[in-house]
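J.: The following comprises the amino acid sequence and a computationally predicted model.
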Number of protein chains: 2
Amino acid sequence: MRLSSLADYAVVMLTAAARSCGTARLNATLLAEQTGVPLPTAQKLVSRLSAAGLLESARGTGGGVRLSRPPSAITLADIIEAVEGPIALTTCVDLERHDCALDGHCQVKPHWGIVNEAVRGALASVSLARLASLPSSDHRAAMPVMAVAEVLN
Amino acid sequence: MRLSSLADYAVVMLTAAARSCGTARLNATLLAEQTGVPLPTAQKLVSRLSAAGLLESARGTGGGVRLSRPPSAITLADIIEAVEGPIALTTCVDLERHDCALDGHCQVKPHWGIVNEAVRGALASVSLARLASLPSSDHRAAMPVMAVAEVLN
DNA sequence: GCCAATCGGACCGAACTGGTCCGATTTGAG
DNA sequence: CTCAAATCGGACCAGTTCGGTCCGATTGGC
């Protein structure tokens, strides 16, 4: 239940990119300096985010990267999936590889899809624009969460 | 963003335990047979779940385990935390070890706590009793999720 | 036409997960 | 009271994925 450091770094880097959106052309070196992410790791992430379509890259001298969409149209779920692959709490909800040992008579399997979508939805509701803004002063530690149970039969 | 197989197995085993709650005394061997989880793994999980207080164990001949609380009072979050440890998407929300390389000037850090609580809340809203029941016929693939963004500043 | 700067992919070591096994402990029967 | 069976509990080991580093391919400017 912990997301990889690469995904964490990617969020930090894209947040920094969103702040200077449009103002300057960005590259891996600059993002690494602004965020503190090690340069080689930043390079790898730039590659992966470009391949996923979140960044548009230009090679050669004076090249670099920029957000391919406005920050409000990029969500946490997008970033995580770009770095880690599809969000799938269990292997059985991953459409690609449904190789679960208990597959046949598993009574829980039908529920995982719902739970997975709930978590994914929570992440998809957070936009990069929101993450780039400074936090408000009135954090409510505990938040009212929609009842997954209500749709879980 | 994928939870460990052990956590998955634990959910399946506890779901099976909830079905035969009160009817029979359970042990690791029985749960392994009913669920298909390999016996040694089931034993390990029984240990861990007992240590976490979700199962009450009795040793010796005729011993075994049983749920320490009614299934409605056990949530997915409880099970996952019992097996994997605290739910912490990033290291910086883990109160124990906040050793993040970017700790000093990370602009995203304030937001992670909110997102983490949202995900945790989603998992905490699913009870074991709900998982043990058969799924309804009208699955709604996409579910309305509360807007995390609304509390994120 | 050459050079410099940038992205893209391949390689390697380390940490964790998952699986297996054996010992410690307790109860029930004889 | 002693023995023995059955159970939980923890230690050990292999496999895999993750994280980090490096070098080559490509492009645009001079």
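T.: Perfect, thanks for sending it. Residues are numbered from 1 along each chain as shown, chains lettered A, B, ... in the order given.
J.: Would the helix or strand harbouring A:L14 count as contacting DNA strand D?
T.: Using DSSP states H and E, A:L14 sits within helix A:5-19. Yes - interface with DNA strand D: helix A:5-19 contributes A:5-6, A:9 (CB under 7 Å from any atom of the strand). C-beta here means a position set from N, CA and C on the backbone, and glycine is covered the same way.
J.: ranking these by neighbours, who comes first?
T.: A:Y9 (23 neighbours; other CB atoms under 10 Å in any protein chain shown).
J.: hmm, back to that, only C-alpha atoms, please: export the helix holding A:L14 in CSV.
T.: Extracted C-alpha coordinates of helix A:5-19, given in CSV (Å, rounded to 0.1, in the frame of the first residue of the first chain):
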residue,chain,number,x,y,z
SER,A,5,9.6,6.4,-4.8
LEU,A,6,9.7,7.0,-8.5
ALA,A,7,6.0,7.8,-8.5
ASP,A,8,6.5,10.1,-5.6
TYR,A,9,9.4,11.9,-7.4
ALA,A,10,7.4,12.2,-10.5
VAL,A,11,4.6,14.0,-8.7
VAL,A,12,7.1,16.4,-7.1
MET,A,13,8.7,17.1,-10.5
LEU,A,14,5.5,17.6,-12.4
THR,A,15,4.3,19.9,-9.6
ALA,A,16,7.4,22.0,-10.0
ALA,A,17,6.8,21.9,-13.8
ALA,A,18,3.3,23.1,-13.3
ARG,A,19,4.5,26.1,-11.3
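J.: Give me the buried positions along it.
T.: Of the residues in helix A:5-19, A:6-18 count as buried by neighbour count, 16 or more other CB atoms under 10 Å in any protein chain shown.
J.: Just the helices from chain A, written as ranges.
T.: All helices of chain A, identified by DSSP state H, fall at A:5-19, A:28-35, A:39-52, A:76-84, A:109-124, A:128-132, A:148-151.
J.: mind giving me a markdown table with the ones you listed and columns for distance to chain B?
T.: Shown next, in a markdown table, are those (distance: least, CB to the nearest CB, whole Å):
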| stretch | distance to chain B |
| --- | --- |
| helix A:5-19 | 5 |
| helix A:28-35 | 6 |
| helix A:39-52 | 10 |
| helix A:76-84 | 6 |
| helix A:109-124 | 3 |
| helix A:128-132 | 5 |
| helix A:148-151 | 5 |
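J.: Let's have these in JSON lines, adding distance to B:P86 and mean pLDDT.
T.: Shown next, in JSON lines, are the helices of chain A (distance: least, CB to CB, whole Å; pLDDT from 0 to 100):
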{"stretch": "helix A:5-19", "distance to B:P86": "16", "mean pLDDT": "93"}
{"stretch": "helix A:28-35", "distance to B:P86": "26", "mean pLDDT": "90"}
{"stretch": "helix A:39-52", "distance to B:P86": "25", "mean pLDDT": "93"}
{"stretch": "helix A:76-84", "distance to B:P86": "19", "mean pLDDT": "95"}
{"stretch": "helix A:109-124", "distance to B:P86": "16", "mean pLDDT": "92"}
{"stretch": "helix A:128-132", "distance to B:P86": "23", "mean pLDDT": "92"}
{"stretch": "helix A:148-151", "distance to B:P86": "20", "mean pLDDT": "56"}
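J.: quick one on the thing from earlier: what about the helix holding A:L14, distance to the chain center?
T.: Helix A:5-19 sits 9 Å away from the centroid of its parent chain (CA atoms, centre = their mean, to the nearest Å).
J.: gap between A:E117 and B:A118?
T.: Counting by CB to CB, to the nearest Å, the separation of A:E117 from B:A118 is 14 Å.
J.: And for A:G60?
T.: 42 Å.
J.: Please say which of those two ends up with more neighbours.
T.: B:A118 (26 against 6).
J.: circling back: farthest-separated two in the buried residues of helix A:5-19?
T.: By the measure CB to CB, A:L6 and A:A18 form the most distant pair in those, at 18.4 Å.
J.: For the most far-flung residue of chain A relative to its centre, which residues are in contact?
T.: Relative to the centre of chain A, and counting by CA atoms, centre = their mean, the farthest-placed residue is A:H105 at 33.1 Å. Contact partners of A:H105, counting by CB atoms under 8 Å, 6 or more residues apart in numbering or on different chains, are B:G36.
J.: For it, give me the pLDDT.
T.: Confidence at A:H105, expressed as pLDDT, is 77.
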